[in-house]
Each structure stands twice: as C-alpha cells, then as structure tokens.
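# below are the sequence and a predicted model; questions follow.
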Amino acid sequence: MKFGAYECFSIETAEFLMDGGATFGIVPKTLWEKECPADDFNRILLKSRSLLIKGERKAILVDTGFGSKPSMKFKKNYQLKQMFDHMDSALSEFGLTCGDITDVIMSHLHFDHAGGCTEIRNGKLVPAFPNASYHVQKDQWETAINPSARDLASFRKEDFIPLLEAGVLRLIDGPVELFEGIEIIVTHGHTAGQQHPLVRGENNSLFFCGDLIPTAAHLPVPWHMGFDGRPLVLVKEKEKLLPRAWKERWILFFEHDPRIAAASIRRDEKYMRIDRIVSI
C-alpha cells in the first residue's frame, strides 16, 4: 500500500511458538484460546514481521526479526521456522539488497525484534545493513545496556552493541518527525522507549504496533502480555492511541499476529475490533 510518498510492504521473517499464558498475561485461557488456539504444551503460533518503507530516496526497515544468529537449541525451544536464510533473499523481491537499506528503525531491542540488526561476517559481529543508520530511542538504549533482572533475558548485547562500535547508532529522545511524512510515537508500557513509526497518508496512515498491540487479539484495552514491564501504563497508552487510530483511519500493522498483517479497526460497544483486513 502507499501512504503519502511511501510504499509499504510486509516482510514475514519467521514463525515461532510461544506460551499462550505468557502472551496474554491475565486474560483467562478460555477467552484467548478462541482467538489463538494452543497446542498440547499451551503454545500458540506467532509470526515475526518487518515493515519495509520505500520512498523519498529511502529504503527503511522497521525491526529485523530474529536474524541469522539463533543457535539450534534456541530454534528448538521456540520451534523457530525462519522464512529465508538471509534478508537479502526477502529484499530481492523488491529489487533491493541489505546494502540498499538506508535506515533501520528499531521499535525496541528485544531479541525477537533486534536479532537481525547484526550478523556474523568473517567471524566478526557487524551491522547486517552496512549502509544504514539504526534509529533507537534513548530510553530503550539505556534499558537495554543496563537491564533489570526481569529484563535481562530479553536483551542480547550482540544484537546492538556492534551498532555502537560501528558508529551507525542514532539515538532519538522522544517523539519526533523522523523523516517527512513519518512520525515517531513513543510508548513505555511494554518496555521503556518503544517507538512506533506512523507513516502518514492523505486519507489514512499506517501505524506500526510493535509489542503495544502484538496481535489483533490484543486490541481490547485490558488484553496485554505477561512480558509487559508496566501493564497499567500500557493500558493507558492503548486508551489514548486507539481512539485516535479509529478517528484518523489508521491501518494497524501487527508484528506478531499469525494471520493478519494489517487491518483497519472499528469501535463496538466496549472495545476496538478488526474492521477490514488489509493486504500489505
């Protein structure tokens, strides 16, 4: 789809299994299982998606998935199935290579979002997109390099420290118009300094949900993940953003939904719901 000066494309990077209870936190299984059926081990299928934004002489990638570094043990634990051996393969469908990416916008630095920021080349960890600037919120960077005991397992320094060493890291401090027509919205409920690109169009806009709303099933305001660091903050953020999304006709991009990459929303008696699934 096109929003303003930019064409936007979904890139499925992987599918994996995650504990359903952890994915839906306090929501009873009798409710969430109607949306995401669980297997015998209580695991549900999720996907990992990146967003490619092309236009204004830029090729921008939002989040990078698990990347090429996961071990066989890691892949087994998550039943991780990657869609290609290297991001070059996915980008070739759009006439691009990793070297053509001008900017990487990181929603946050958890391993399932930032794993593909770096790769091992000639035995050394290097940026996977050699000509790109990597944009990260300052609050998120500080959280990632000094994680609490609760957050420690979510961050892997090999995913982002090489960006600092290579001089390609760009820290952003709060909401900003990053590029003309691309606004950065910041939330703190899932993790400090999660950022969400909003690609503005004339009639509607595209909002990258990240882990604020990881799947379409998480649209109801009280539904959130057990992984969220500050769930009450996240609830307030959804209460603020979802009415704006409905009023301004945003298309929501879901990074982890197993079936729906993007959709418009409608308001029912209590919550926002999926109105129309959008092909992107």
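Structure's in. What do you need? Numbering: from 1, shown residues only.

# now do the helices in this structure.
Taking DSSP state H as the test, the helices found in the chain are 20-24, 29-35, 72-78, 87-91, 111-114, 138-145, 161-166, 231-247.

# wait, which of these is closest to Ile120?
Smallest distance to Ile120 across those (C-beta to C-beta): 10.0 Å, for helix 161-166. Placement of C-beta: from N, CA and C, glycine included.

# tell me what that closest one is packed against?
strand 124-127 (3 or more C-beta pairs under 8 Å, 6 or more residues apart in numbering; DSSP states H and E).

# show me what the strand it packs on is packed up against.
Here strand 124-127 is seen to pack against strand 118-121, helix 161-166 when contacts are counted using 3+ C-beta pairs under 8 Å, 6+ apart.

# if we use 6 Å, what do you get?
helix 161-166 (3 or more C-beta pairs under 6 Å, 6 or more residues apart in numbering; DSSP states H and E).

# buried ones in the helix it packs on?
Using 16 or more other C-beta atoms under 10 Å as the test for burial, helix 161-166 gives 162-163.

# give me the mean pLDDT for it.
Helix 161-166 carries an average pLDDT of 98.

# same check on stretch 61-68?
For stretch 61-68, the mean pLDDT works out to 97.

# with just CA atoms, put it into CSV.
What follows is stretch 61-68, C-alpha atoms only, in CSV (Å, rounded to 0.1, in the frame of the first residue of the first chain):
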residue,chain,number,x,y,z
LEU,A,61,13.3,-1.3,7.5
VAL,A,62,11.3,-1.4,10.8
ASP,A,63,12.5,-4.1,13.0
THR,A,64,14.7,-7.0,11.9
GLY,A,65,13.3,-10.2,13.5
PHE,A,66,15.4,-13.0,15.0
GLY,A,67,18.1,-12.7,12.4
SER,A,68,20.7,-15.4,11.4
